[in-house]
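Novice: below is the sequence, then the predicted model.
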Amino acid sequence: METFKTRGIILRTTNYGDTSVICSVYTEIFGVQSYIMKGVRKGTKKSAPKVNYYQPASILEMIVYHNPLKQLQFVKDIQWGILYQQVSSNVVRNTVAMYIIELLQHSLKQPEAHPELYYLAEDTLKQLDTGNDTLAANLPLYFMLHLSSELGFRITDNFSSLNTVLDLKEGEYITDVPPHPYYITDQPAQLISDLSRIQFYNDLENFKVNRDLRRQALYALQDYFKLHIADFGDLKSYAILQQILG
């Protein structure tokens, strides 16, 4: 069977049998795929178990077998794509990473490849590992705005002194409150507009945001995703993220 080299982000890992795991992986060239990793929970005389490779948010270099007719694929070899310096050990950054991973789990409904979206996710996790604390706190909002754009329902940034109401159903700013409850106004609405204009991660490092304001905007964007992705559901990591970020 032909093998392929691809990068991948671990989304979810489930134990299988006594020594193996099944991983949901967001890959660069195949989209979301399920792989069985045999024997990785059991060490040998010469090496420790390799289960650490398969923690959610791990970025890997993979050589895989791929059969489009099968739901469960096999891996020939894996190596670290990046070794985190802070994401794995820092509570705040790990919590943000788990939120990003859960967003991907709920948003990626089809297995098809989407390289630009993959690069967005990988770059976001890399920046989370190397950026300052302000960047880490702003990253969930920034990532959601760019993720929605890649998924095809970008918010139109037409915020102005007249258009101060963000209609979450329509994804645009309007003048008057709409006849439904899915909208935000004032500072949270302006915050989303300001963030949508930021194109470079480095600019997030000096973007100071009030914690309560950030919380309101984040909650609104979750509603936005629920309105535009069928069966999006609730994010379990949201409550933990709010606790950690204050």
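Specialist: Structure received.
Novice: so what strands line up beside the longest strand seen in the chain?
Specialist: Looking across the chain with DSSP state E, the single longest strand is strand 3-16. Partners of strand 3-16 in the sheet, by DSSP bridges, are strand 20-27 (antiparallel), strand 59-65 (antiparallel).
Novice: tell me the centre residue of the chain?
Specialist: By CA atoms, centre = their mean, the chain has its centre lying nearest to I100, at 2.9 Å.
Novice: what's near enough to touch it?
Specialist: When contacts are counted by CB atoms under 8 Å, 6 or more residues apart in numbering, I100 touches 57, 121, 124-125, 128, 139-140, 143. Glycine gets a C-beta too; all of them are placed from N, C-alpha and C.
Novice: what's the spacing between it and R41?
Specialist: Distance from I100 to R41, counting by CB to CB, to the nearest Å: 25 Å.
Novice: surely Q33 is within a strand?
Specialist: Yes: Q33 sits within a strand when classified using DSSP: H, G, I helix; E, B strand; the rest coil.
Novice: what's the first-to-last distance across stretch 127-141?
Specialist: Using CA to CA, to the nearest Å, one end of stretch 127-141 lies 14 Å from the other.
Novice: pLDDT below threshold where in the protein?
Specialist: Filtered on pLDDT under 70, the chain yields the residue ranges 43-49.
Novice: check contacts around the closest residue in space to L168 that isn't next to it in sequence.
Specialist: In space, and not counting its chain neighbours, L168 is closest to Y182: 4.1 Å by CB to CB, 6 or more residues apart in numbering. Y182 is in contact with 167-169, 223, 227, counting by CB under 8 Å, 6+ apart.
Novice: how far away is the residue nearest to the centre of the chain from N67?
Specialist: Distance of I100 to N67, given as CB to CB: 29 Å.
Novice: which residues sit against stretch 186-194?
Specialist: Under CB under 8 Å, 6+ apart, the answer for stretch 186-194 is 141, 145, 155, 157, 159, 164-166, 173, 184, 207, 209, 213-214, 216-217, 220-221.
Novice: again, only using 10 Å
Specialist: Contact with stretch 186-194 is made by 138, 141, 144-145, 155-160, 163-168, 173, 183-184, 207, 209-210, 212-221, 224, as judged by CB atoms under 10 Å, 6 or more residues apart in numbering.
Novice: just the ones of these in helices?
Specialist: Counted as lying in helices by DSSP state H, out of those, are 138, 141, 144-145, 212-221, 224.
Novice: the nearest residue to S58 once chain neighbours are set aside pairs with what?
Specialist: The shortest distance from S58 to any non-neighbouring residue, by CB to CB, 6+ apart, is to I10 (4.4 Å). Using DSSP bridges, the bridge partners assigned to I10 are V25.
Novice: try T6
Specialist: Per DSSP bridges, the residues bridged to T6 are M62.
Novice: then the one 10 residues further on?
Specialist: Counting by DSSP bridges, Y16 forms beta bridges with S20.
Novice: counting neighbours, what do you get for it?
Specialist: Neighbourhood size, Y16 [other CB atoms under 10 Å]: 16.
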